[in-house]
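Trainee: prediction below, plus the sequence it came from.
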Amino acid sequence: MSKTLKNILKDKKTLHYLADSAFESVDSDNSGFITEDELFMILNCVSKELGLNEPSEDEAQQILSMMDIDKSGKLDRKEFRVLFKKILEAALDIC
C-alpha cells in the first residue's frame, strides 16, 4: 500500500483525479462545496479504513477551519485537493 500511495503522491494528475472523484462522491448535495457535515462524514470513513479513531465534530471543525483558505465555511475543490493530499501523506506515515 505504501508504494501505491507514494506513486499517487508523485503523480499530480492521478492525485487530482482521485481527489476530484472523492470530492464528487462526498459532495452529496452537488453544491460544488464540501460542507462541515460532508467533511465529518469523509473523515469518519477514512478513519475507519485506516483503523484510526473517528474524529469528533470539534476536530472536524478544526480541520475545516485550517483548510478553508477563503473562510467561506466550506471547502471548494481546490481546498479539498490540499486536504486529500494531506490525508494520503498521513496514511503513508502510518503504513
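Mentor: Cool, the structure landed.
Trainee: from residue 53, how far off is the residue most central in space within the chain?
Mentor: Nearest to the geometric centre of the chain sits residue 84, at 3.7 Å (Cα atoms, centre = their mean). Distance from residue 84 to residue 53, counting by Cβ to Cβ, to the nearest Å: 20 Å. For the C-beta atoms, the positions are set from N, CA and C on the backbone; glycine is no exception.
Trainee: helices and strands around the longest helix seen in the chain, which ones?
Mentor: Secondary structure of the chain per DSSP state H: the longest helix is helix 77-94. Here helix 77-94 touches helix 2-10, helix 12-26, helix 36-50, helix 57-67, going by 3 or more Cβ pairs under 8 Å, 6 or more residues apart in numbering; DSSP states H and E.
Trainee: would you put the C-alpha positions of stretch 31-43 in CSV?
Mentor: The C-alpha trace of stretch 31-43 is given here as CSV (Å, rounded to 0.1, in the frame of the first residue of the first chain):
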residue,chain,number,x,y,z
SER,A,31,-23.3,22.2,-4.3
GLY,A,32,-19.7,22.2,-5.6
PHE,A,33,-18.5,22.5,-2.0
ILE,A,34,-17.8,20.2,0.9
THR,A,35,-19.8,21.3,4.0
GLU,A,36,-18.9,20.6,7.6
ASP,A,37,-21.3,17.7,7.7
GLU,A,38,-19.9,16.2,4.5
LEU,A,39,-16.3,16.7,5.8
PHE,A,40,-17.2,14.9,9.0
MET,A,41,-18.6,12.0,7.0
ILE,A,42,-15.5,11.6,4.9
LEU,A,43,-13.2,11.9,7.9
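Trainee: give me the contacts around it.
Mentor: 22-23, 26-29, 54-55, 57, 59-61, 63-64, 72-77, 80 (Cβ atoms under 8 Å, 6 or more residues apart in numbering).
Trainee: pLDDT value on the residue lying closest to residue 16 once chain neighbours are set aside, please?
Mentor: The shortest distance from residue 16 to any residue other than its chain neighbours is 6.2 Å, reached at residue 81 (Cβ to Cβ, 6 or more residues apart in numbering). pLDDT, residue 81: 97.
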